[in-house]
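Enquirer: got a predicted structure here, sequence first:
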Amino acid sequence: MAGVRLKRWDNVRILTEEPKGTPMGRREVSLDKGQLLSWDRGRVFLDIARRGCGSACRYCYISAPEAPQEPATPDDVLDAAERLTKDDRYQAGARGTVISLSPNSEPFRSAASTLLVMTALSRLLVNGNPIQIPTKESVPAELLRLVDAEAKSDDQVVFFISLATMNRAESLEPGAAAIEDRLANAARLRRHRCRSCAYIKPFLKAAIHELGDFAARLRAARFDCVCVGMRYRARLRTTADVVVPVAHVADRGGTSPAYETYSRPHPVHSGYVAERIGPDLRDFYETLRTACAPTPVFLTSTCVSSFLLDREPPLPVWRELPQLCVNCRSCGQGVGHR
Ligand code: SF4
């Protein structure tokens, strides 16, 4: 590709110059996902596709979100699930490792991708770990029947129904399901042994102009939880190919107000860092919190499962990322953190 130079950053390939016409500042990033697993502190991400997604979200940082999904094989997914449970970092149980399924591609793109998610669930539900599944589609009935039969508790599996916009999905997420279909998940999921979370991630500036619609439609849909998530951008750079190093917030002794600077790397796409939490996001959050009460509204997905399972999140959010802690419970109390 002319004018584009490649750079290695951990396991991420970054195009260090922006190809002209790339929508909304997205740079092409492709993970080395041969193993389908990516570990973060107390969390693990298990992919079911090797490339592509099909939702074509204009704000996405995966490689080729508009490309047809290239699913892994059932054997690959089963192998990844096995390796996950045998890894030294893995802890079983509701207070153990948080597992995110298909974080980089739409899990319910097709019958084949749904089958892969069910393959992973068949192996992992039995251990009781919190399982998170993000989607922009209707959750398939056959998968819900599996969850009903195998889940260790009604709080083990949370479906994060992605809703970054209420009125611009056709242009911003042209390959994803209609907003009405996504919202309808809330009522359907209430009839099954799982939980639902409206996932407003990434938080886009355009969402501010849709705040009234978000409040009214989320209140009507009655999700179990709501979560507003920040947007990630490529690391700051001074020239086209010099990347400015940024410290992980944990390296700052836990005193840095996380997200006020570009400081928090994406847990999987390490070439990307979180956008700051500014007044716009704060106002958006507060309005939703009031509108959706008593439904809890969070600022990070790990706190959703933690709240539902009455446990602390795998990352000590209350200490290391205090701006993301909404004080839903008593994390850290008794050990001197708060
Ligand atoms: S108290 Fe804070 S850190 Fe703990 S689960 Fe709630 S929001 Fe997260």
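Expert: Yes, it's here.
Enquirer: residue contacts, the closest residue to the ligand within the stretch 151-300 of the chain?
Expert: For the stretch 151-300 of the chain, the nearest residue to the ligand under the criterion CB to the nearest ligand atom is Phe298, separated by 6.1 Å. Glycine gets a C-beta too; all of them are placed from N, C-alpha and C. The contact partners of Phe298, taken as CB atoms under 8 Å, 6 or more residues apart in numbering, are 197, 225-228, 304, 307, 326, 328.
Enquirer: those: which ones sit near the ligand?
Expert: On the criterion CB under 6 Å from any ligand atom, 307, 326, 328 are the entries of these that sit beside the ligand.
Enquirer: please identify the helix or strand for the nearest residue to the last one once chain neighbours are set aside.
Expert: Pointing back at Cys328 there. Nearest non-adjacent residue to Cys328, counting by CB to CB, 6 or more residues apart in numbering: Phe307, 4.8 Å away. Assigned by DSSP states H and E, Phe307 belongs to helix 301-309.
Enquirer: chain center to that helix, what's the gap?
Expert: Computed by CA atoms, centre = their mean, to the nearest Å, the separation of helix 301-309 from the middle of its chain amounts to 13 Å.
Enquirer: let me see the mean pLDDT of whichever helix or strand comes after that helix.
Expert: Using DSSP H and E, the helix or strand that directly follows helix 301-309 along the chain is helix 317-320. Average pLDDT, helix 317-320: 88.
Enquirer: can I have helix 317-320 written out in PDB, keeping just the CAs?
Expert: These are the backbone C-alpha positions of helix 317-320, laid out as PDB (Å, rounded to 0.1, in the frame of the first residue of the first chain):
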ATOM      1  CA  VAL A 317     -11.200  -0.200  39.100                       C
ATOM      2  CA  TRP A 318     -12.000   1.600  42.300                       C
ATOM      3  CA  ARG A 319      -8.300   2.200  42.900                       C
ATOM      4  CA  GLU A 320      -6.600   2.200  39.500                       C
END
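Enquirer: where do the strands sit along the stretch 1-150 of the chain?
Expert: Using DSSP state E, counting those that start in this stretch, the strands of the stretch 1-150 of the chain run over residues 6-9, 12-15, 29-31, 37-40, 43-46, 49-51, 70-71, 98-101, 131-135.
Enquirer: re earlier: which helices and strands sit right next to the helix holding Phe307?
Expert: strand 98-101, strand 131-135, strand 157-162, strand 195-200, strand 225-228 (3 or more CB pairs under 8 Å, 6 or more residues apart in numbering; DSSP states H and E).
Enquirer: quick one: the fourth one to helix 301-309, angle?
Expert: Orientation check (axes from the mean of the first three to the mean of the last three CA atoms, to 10 degrees): strand 195-200 against helix 301-309 gives 150 degrees.
Enquirer: outside of strand 195-200, which residues touch it?
Expert: Among residues not part of strand 195-200, those counted as contacts by CB under 8 Å, 6+ apart are 134, 154-155, 157-164, 185-186, 189-190, 207, 214, 218, 221, 223-229, 288, 298, 301, 304, 308.
Enquirer: name the residues that touch the next helix or strand after it?
Expert: Where DSSP H and E defines the elements, the next helix or strand beyond strand 195-200 is helix 205-208. The contact list for helix 205-208, computed with CB under 8 Å, 6+ apart, reads 164-166, 168, 172, 200, 214, 280, 283-284.
Enquirer: what's the helix or strand that helix 205-208 is followed by in contact with?
Expert: Past helix 205-208, further along toward the C-terminus, the next helix or strand under DSSP H and E is helix 211-221. Outside helix 211-221, the residues that touch it by CB under 8 Å, 6+ apart are 163, 166-167, 179, 183-184, 186-187, 198, 200, 207, 226, 284, 287-288, 291-292, 295.
Enquirer: from the chain's centre, how far out does helix 211-221 sit?
Expert: Mean C-alpha position of helix 211-221 versus that of the full chain (CA atoms, centre = their mean) differs by 21 Å.
Enquirer: cool, stretch 206-226 as well?
Expert: Taking mean C-alpha positions (CA atoms, centre = their mean), stretch 206-226 and its chain are 18 Å apart.
Enquirer: again, but for stretch 38-52
Expert: Per CA atoms, centre = their mean, the centroid offset for stretch 38-52 relative to its chain is 11 Å.
Enquirer: picking up where we left off before, once you drop chain neighbours, what's closest to the residue of the stretch 151-300 of the chain closest to the ligand?
Expert: Nearest-residue entry for Phe298: Cys227, 4.5 Å, with adjacent residues in sequence omitted and distances by CB to CB, 6+ apart.
Enquirer: what does the stretch 201-338 of the chain have sitting close to the ligand?
Expert: Taking CB under 6 Å from any ligand atom as the criterion, the stretch 201-338 of the chain approaches the ligand at residues 303, 306-307, 312-313, 317-318, 325-329, 331.
Enquirer: mind listing which of the contacts of helix 211-221 are in helices?
Expert: The subset of the contacts of helix 211-221 located in helices under the criterion DSSP state H comprises 179, 183-184, 186-187, 207, 284, 287-288, 291-292.
Enquirer: can you pick out the most distant pair from these?
Expert: Ala187 and Phe284 (24.5 Å; CB to CB).
Enquirer: ok, those two, which is more surrounded?
Expert: Comparing Ala187 with Phe284 by neighbour count (other CB atoms under 10 Å), the higher total belongs to Phe284, at 21 against 13.
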